[in-house]
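S.K.: Compute the structure for the input listed below.
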Amino acid sequence: MTAYDPNNIFARILRGEIPSTRVYEDDETLAFMDIMPRSDGHLLVIPKTPCRNVLDASPDQLEAVIRTVKKLAIAAKAAFDAEGVTIQQFNEAAGGQEVFHLHFHVLPRHEGVALRAPGQMGDMAAIATHAEKIRAAL
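M.R.: Have a look, this model is predicted:
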């Protein structure tokens, strides 16, 4: 397996080298808004410790992250009066992973509303507003 790259974008976000819109943080995890949101309220949850993905994550890392994923999924669903939540997680390039630091996508969903196309930068003011809504729901 390929070694963890400590200069990946999420590691740099954790070190404060790249700005992010943080929504929630505890001793083990960080949740922040996706800058290319596929739905309003799209956020990411990562462990604070290095691991590429589920394939090399420790049981403790997985437990901490999934606990935070659940907390944020409930808050995002409430914040956006969503009817459901999509949770996505990708492993290795062939599995669709683009950033090689374990992360889960949490996307509030509404019946009949398609996800936006991937790779489109979001409006940062709207993203900040969405983050506030989620924080309030926590």
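S.K.: which residues touch the residue minimising distance to the centre of the chain?
M.R.: For the chain, residue 44 is the residue whose C-alpha lies nearest the centre (Cα atoms, centre = their mean; 0.6 Å). Contact analysis of residue 44 by Cβ atoms under 8 Å, 6 or more residues apart in numbering lists 10, 31-34, 103-106. For every residue, glycine as well, the C-beta is placed using N, CA and C.
S.K.: Quick check: which element contains residue 62?
M.R.: Here residue 62, judged by DSSP states H and E, is contained in helix 59-79.
S.K.: Remind me what that helix packs against, helices and strands.
M.R.: Packing partners of helix 59-79 (3 or more Cβ pairs under 8 Å, 6 or more residues apart in numbering; DSSP states H and E): strand 22-25, strand 29-33, strand 43-47, strand 84-88, strand 104-109, helix 124-137.
S.K.: Buried ones in the longest one, by neighbour count?
M.R.: Okay, so that is helix 124-137. For helix 124-137, the buried set under the neighbour-count rule, 16 or more other Cβ atoms under 10 Å, comprises 127, 130-131, 133-134, 137.
S.K.: now the residues you listed as JSON lines including pLDDT and distance to residue 90?
M.R.: Output for the buried residues of helix 124-137, formatted as JSON lines (pLDDT from 0 to 100; distance: Cβ to Cβ, whole Å):
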{"residue": "127", "pLDDT": "98", "distance to residue 90": "21"}
{"residue": "130", "pLDDT": "98", "distance to residue 90": "22"}
{"residue": "131", "pLDDT": "98", "distance to residue 90": "23"}
{"residue": "133", "pLDDT": "98", "distance to residue 90": "26"}
{"residue": "134", "pLDDT": "98", "distance to residue 90": "22"}
{"residue": "137", "pLDDT": "98", "distance to residue 90": "26"}
